[in-house]
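1. Structure for the following, please:
(chains A and B)
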Number of protein chains: 2
Amino acid sequence: MIKMYGFWRSAASFRVRIALNLKGLAYEEEMIDLDGGEQNAPDYVAKNAQASVPTVFFDDQPPMTQSLAILEYLDERHPVPRLLPDDAESRARVRSIALMFAADHHPLIVPRVRRYLTETLKVSDEARTDWIRYWFREGLRQAQERLSAEPETGRFCHGDQPTIADLCLVSQVVGARGFQVDILDLPTVSRITASCLDIDAFARAHPHNQPSAPASH
Amino acid sequence: MIKMYGFWRSAASFRVRIALNLKGLAYEEEMIDLDGGEQNAPDYVAKNAQASVPTVFFDDQPPMTQSLAILEYLDERHPVPRLLPDDAESRARVRSIALMFAADHHPLIVPRVRRYLTETLKVSDEARTDWIRYWFREGLRQAQERLSAEPETGRFCHGDQPTIADLCLVSQVVGARGFQVDILDLPTVSRITASCLDIDAFARAHPHNQPSAPASH
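-> A predicted model of the protein is given here:
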């Protein structure tokens, strides 16, 4: 039994849902309302000291956290289809693209950071939205530079099969769209995102297709 | 030949130096002065679209970026000593601890973010230092929660051998010390850091022991 605590809008939850779908693994998702602060409830913090989502339980094992660690785990335990290439050099490239998003740009726009901007730095709503848009745009712009220049780019970020790099790219693009970030001038990013969202496993994992997503996003 | 572009103070460069030392791999490091903006020079951006450090060249291969991707690559190609445990569940735990730092807290205090706080949000020097201290402290506090509660913690973050989790922990603690962050009440974090810095491969990689580090830090 796979049980995941996630949130409809969370990019990290989105990534894990895509991987579970691609690998054909059934799971149950319980929503932790990040807007309502449910991640800070003592019960939840006991499962995840970071008070973040996702937290995934595989059978009776201790909770697993951090989306990239969970994706690597899934790929090791359920290797069909593979989400990382076979050779070490290609894996390094795929992980590096994934980390551009998961480790550099996404952490800047999560709820705890937005809260600090508003509550501690007393930043205006407008300046906060500019911050969010800036970091989304900057990460996707850098990805466009790499993806358009590097010969390994194919239908997806690395060749013609989806890898964890694509899961991270798509979750970032979908988040950026929620903030009306303009990416029309990033054709490789847009093309790969479209290729991904054509796949049912990606589409079913999309934030808007989660039961707890509000009717108007 | 391994050539690394790094910076003496950079936590991500520190992590990679430790791994290279532990594995006994000779490398040459060229310093990119992040304070002087050398990372934004067109020559360097052509190597690393993120304008960040480290960038590592292994022989004639394309540049590798993102410290965690580089650590995984080193562990695959040079598996002695291993920096990840053998079983998938343990690897997931180690990666999750590494990502707490590399993917959630360290990205909040890097030069590009500090610059946005000062130049765009017009935050005072004091408020900027508070921001940096807050995120250092928060990440290390969360790590203390996990490391003290989870039975897998040993002399190091996972058992009695250093893993990539320790490389990330130590680089974060050393960064926090540079900002006088109080971690006296985080005994497990302090104990593991001391165990690591007792090892020559860690000590030699320490920011203060790099040739380009200023005499007064």
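2. so residue A:203 is in which element?
-> For residue A:203, the enclosing helix or strand under DSSP states H and E is helix A:200-205.
3. can you give me the offset of that helix from its chain's centre?
-> Remark: helix A:200-205 is offset 13 Å from the chain centroid, using C-alpha atoms, centre = their mean, to the nearest Å.
4. Spit out the contact partners of the nearest residue to residue A:123 once chain neighbours are set aside.
-> Using C-beta to C-beta, 6 or more residues apart in numbering or on different chains and skipping the chain neighbours, the partner closest in space to residue A:123 is residue A:117 (4.4 Å). To be clear about C-beta, it is placed using only N, CA and C from the backbone, and glycine gets the same treatment. For residue A:117, the contacting residues are A:123, A:127-128, A:131, by C-beta atoms under 8 Å, 6 or more residues apart in numbering or on different chains.
5. Equivalent analysis for residue A:187, please.
-> Contacts of residue A:187 by C-beta under 8 Å, 6+ apart are A:144, A:148.
6. Give the buried residues for the lengthiest helix in chain A.
-> Secondary structure of chain A per DSSP state H: the longest helix is helix A:125-149. In terms of neighbour count (16 or more other C-beta atoms under 10 Å in any protein chain shown), helix A:125-149 has its buried residues at A:127-128, A:130-140, A:142-147.
7. That one vs chain B: in contact?
-> Yes - counting by C-beta under 8 Å from any C-beta of the partner chain, chain B is contacted by helix A:125-149 at A:127, A:130-131, A:134, A:142-143, A:145-146, A:149.
8. do stretch A:153-172 as well
-> No - if you take C-beta under 8 Å from any C-beta as the test, stretch A:153-172 misses chain B, and the best it gets is 10.4 Å.
9. could you give the mean pLDDT of that stretch?
-> For stretch A:153-172, mean pLDDT rounds to 98.
10. Could you do stretch A:1-15 as well?
-> Averaged across stretch A:1-15, the pLDDT comes to 97.
11. where along chain A do the helices fall?
-> A:11-22, A:42-45, A:67-77, A:88-99, A:111-115, A:125-149, A:164-178, A:187-197, A:200-205.
12. when you scan the fifth one, is anything in it near chain B?
-> Okay, so that is helix A:111-115. Yes - using C-beta under 8 Å from any C-beta, helix A:111-115 reaches chain B at residue A:113.
13. buried ones in that helix?
-> Using 16+ other C-beta under 10 Å as the test for burial, helix A:111-115 gives A:111-114.
14. Repeat that for the second one.
-> If you call a residue buried by 16+ other C-beta under 10 Å, then helix A:42-45 has these buried ones: residue A:44.
15. Also the last one?
-> For helix A:200-205, a neighbour-count test (16+ other C-beta under 10 Å) marks A:201-202, A:205 as buried.
16. Hmm, residue B:108 and residue A:113 touching each other?
-> Yes - Residue A:113 lies in contact with residue B:108 (C-beta atoms under 8 Å); the separation is 6.8 Å.
17. and for the two, which residues touch both?
-> residue A:107.
18. contacting residues around the spatially most distant residue from the centre of chain A?
-> Most distant from the centre of chain A: residue A:122, at 27.9 Å, with distances by C-alpha atoms, centre = their mean. Residues near residue A:122 by C-beta under 8 Å, 6+ apart: none.
19. Please report how far it lies from residue B:124.
-> Using C-beta to C-beta, to the nearest Å, residue A:122 is found at 12 Å from residue B:124.
20. again with residue A:148
-> Residue A:148 is 40 Å from residue B:124, by C-beta to C-beta.
21. Dihedrals phi and psi, residue A:158?
-> Residue A:158 adopts backbone torsions of phi -140, psi 100, taken as degrees, to the nearest 10.
22. What sits closest to it if chain neighbours are left out?
-> residue A:94 (5.0 Å).
23. just checking, the one you found touches residue A:82?
-> No - judged on C-beta under 8 Å, residue A:94 makes no contact with residue A:82 at a distance of 10.5 Å.
24. Between the two, which has more neighbouring residues?
-> Regarding residue A:94 and residue A:82, a neighbour count based on other C-beta atoms under 10 Å in any protein chain shown identifies residue A:94 as having more, with 24 against 14.
25. list the contacts for the more buried one?
-> If you count contacts by C-beta under 8 Å, 6+ apart, then residue A:94 has A:84-85, A:157-158, A:163-165 around it.
26. tell me the two of those that are most distant?
-> Using C-beta to C-beta, the contacts of residue A:94 span at most 11.7 Å, a distance reached by A:84 and A:157.
27. so what sits against both of these two?
-> Common neighbours of residue A:84 and residue A:157 (C-beta under 8 Å, 6+ apart) are A:94, A:163.
28. Look at the two and report which has more neighbours.
-> Counted by other C-beta under 10 Å, residue A:84 and residue A:157 do not tie: residue A:157 has more neighbours, with 29 against 20.
29. Enumerate every residue touching the more buried one.
-> A:94, A:97, A:147, A:163, A:165-166, A:169, A:192.
30. Tell me how chain A divides into domains.
-> A:2-81, A:88-204 (automatic domain parsing).
31. who wins for proximity to residue B:17 among those domains?
-> For the domains of chain A, proximity to residue B:17 was assessed by C-beta to C-beta; domain A:88-204 is nearest, at 17.4 Å.
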